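K.L.:
I need the structure of the sequence given here:
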Amino acid sequence: MYIILPLTLAGAAHAVAATTPKSDAPWKIGVVHLAHQVDAPVVIGLRQGLQDLGYIEGRDVVLEIRAGRGQYSAALAGTRELLKARVDIFVSAGTVATKAVKEAAADVPVVFTQVGEPISAGFVKSMRQPGGNLTGFSHLLPQITGKRLELLKELVPACRTVLVIFDPGNPTSEGAVAVAREAAKQLKMRLREHHIKNNNEVLQALQKIDGKTTDAILVVPDSVVVNSGKSIIEKSREKLVPVMFHEVTWVERGGLASYGPSFVDLGRQAAGYLDKIRKGAKPGDLPVQQPTKFELVINMKTAKALGITIPQSVLVRADRVIE
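P.N.:
Purely as a prediction, here's the structure:
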């Protein structure tokens, strides 16, 4: 299932930059992501970035959004519908959504975000010189998995055994788990790996959780697992097992903590690439960039529900604390 929602954002005339391209018809931007909510973080950042650059939605640009709700098939169907609507350029969020856009839109420029391994995924030839019609922004989530495991141990010092659920066929997930394995050795922690292929298998893995064999859960960037975020939070509450996410969205919904790049900021950066392409740059000549802003977010309400006392040394380093 996907959602069709053209957005119109009123803007003040003084926000229009003198360099903003003018045309008779607004520039159509197709946005494809897998989040359940239409206004995903990347969309929020994209709108902010476009507005900062002087674009006014409805006059200079029109956003056509397809929310795939965790389903590759929906992202692919949404992409094909956007092609029929004759969008001028695509913005995709996540590896799975980008794969769908790449498959369906062979000739339309694409700016991707939230992709962990753009080269191994086949989206670009190299980070410096992507080639083809795709470029964008990696999220570095596999590389910072060790830091997230380290923060998890700081949050819960007694944590020894950590469950990680992932699809080994996903290169981003496998890369993240490989980093976690090395970090676990250094931190003297045990990593329990559970392989899955679909949402049903994720739910089956969650049913086996108990406080004796699992001290905490580390969620890695895996679209199948993330799509089960609500179930992961519910089970963690039931079994009093803390969860470290990589997306702040799930901490807002009840997860204990997250550490990762700001997806809003990645959307804002994507707007800058849209502007460059609008003015004549070729996607294949724009280097793939990496995030510059990382956030540690802690949900104190969840910590209290789990009976966890967050060390002050971690609280003072948090970018945001949800009370």
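K.L.:
from now on I want contacts and neighbour counts done on CA atoms only, so please keep to that.
P.N.:
Will do.
K.L.:
quick one: pLDDT of the closest residue in space to P287 that isn't next to it in sequence?
P.N.:
Leaving aside its sequence neighbours, P287 sits nearest to R128 (CA to CA, 6 or more residues apart in numbering; 4.4 Å). pLDDT, R128: 96.
K.L.:
R128 reaches G284, doesn't it?
P.N.:
No. Taking CA atoms under 8 Å as the definition, R128 is not a contact partner of G284, at 9.2 Å.
K.L.:
for the protein, where's the lowest mean pLDDT among helices and strands?
P.N.:
Least confident element among the helices and strands of the chain, by mean pLDDT, DSSP states H and E: strand 4-7 (a mean of 37).
K.L.:
circling back to that earlier point, looking at R128 and G284, which is more packed in?
P.N.:
Counted by other CA atoms under 10 Å, R128 and G284 do not tie: G284 has more neighbours, with 22 against 14.
K.L.:
can you pull out the helices in the stretch 51-200 of the chain?
P.N.:
Taking DSSP state H, counting those that start in this stretch as the test, the helices found in the stretch 51-200 of the chain are 72-84, 95-104, 145-155, 171-187, 199-207.
K.L.:
most tightly packed of the ones you listed?
P.N.:
Mean neighbour count (mean count of other CA atoms under 10 Å) peaks for helix 95-104 among those, with a mean of 24.
K.L.:
now do that helix, average pLDDT.
P.N.:
The predicted model assigns helix 95-104 a mean pLDDT of 93.
K.L.:
how far does it sit from the chain's center?
P.N.:
Between the centre of helix 95-104 and the centre of its chain there are 14 Å (CA atoms, centre = their mean, to the nearest Å).
K.L.:
just the CA atoms of it, as PDB, please.
P.N.:
What follows is helix 95-104, C-alpha atoms only, in PDB (Å, rounded to 0.1, in the frame of the first residue of the first chain):
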ATOM      1  CA  THR A  95      18.300   1.200   0.200                       C
ATOM      2  CA  VAL A  96      15.100  -0.700  -0.600                       C
ATOM      3  CA  ALA A  97      13.300   2.500  -1.800                       C
ATOM      4  CA  THR A  98      16.300   3.400  -3.900                       C
ATOM      5  CA  LYS A  99      16.400   0.000  -5.400                       C
ATOM      6  CA  ALA A 100      12.800   0.300  -6.500                       C
ATOM      7  CA  VAL A 101      13.400   3.800  -8.000                       C
ATOM      8  CA  LYS A 102      16.500   2.600  -9.800                       C
ATOM      9  CA  GLU A 103      14.700  -0.400 -11.300                       C
ATOM     10  CA  ALA A 104      11.700   1.600 -12.600                       C
END
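K.L.:
show me what contacts the residue nearest in space to the middle of the chain?
P.N.:
Residue closest to the average C-alpha location in the chain (CA atoms, centre = their mean): Q114, at 4.8 Å. Q114 sits next to A93, G94, T95, F137, S138, H139, F263, L266 when contact means CA atoms under 8 Å, 6 or more residues apart in numbering.
K.L.:
for burial, what's the neighbour tally of the second one?
P.N.:
Same thing as G94. Neighbours of G94 using other CA under 10 Å come to 23.
K.L.:
and it, how far from Q71?
P.N.:
Per CA to CA, to the nearest Å, G94 is found 12 Å from Q71.
K.L.:
and the residue nearest to the centre of the chain, what's its pLDDT?
P.N.:
Confidence at Q114, expressed as pLDDT, is 92.
K.L.:
equivalent analysis for the one 10 residues further on, please.
P.N.:
V124 is assigned a pLDDT of 96 by the prediction.
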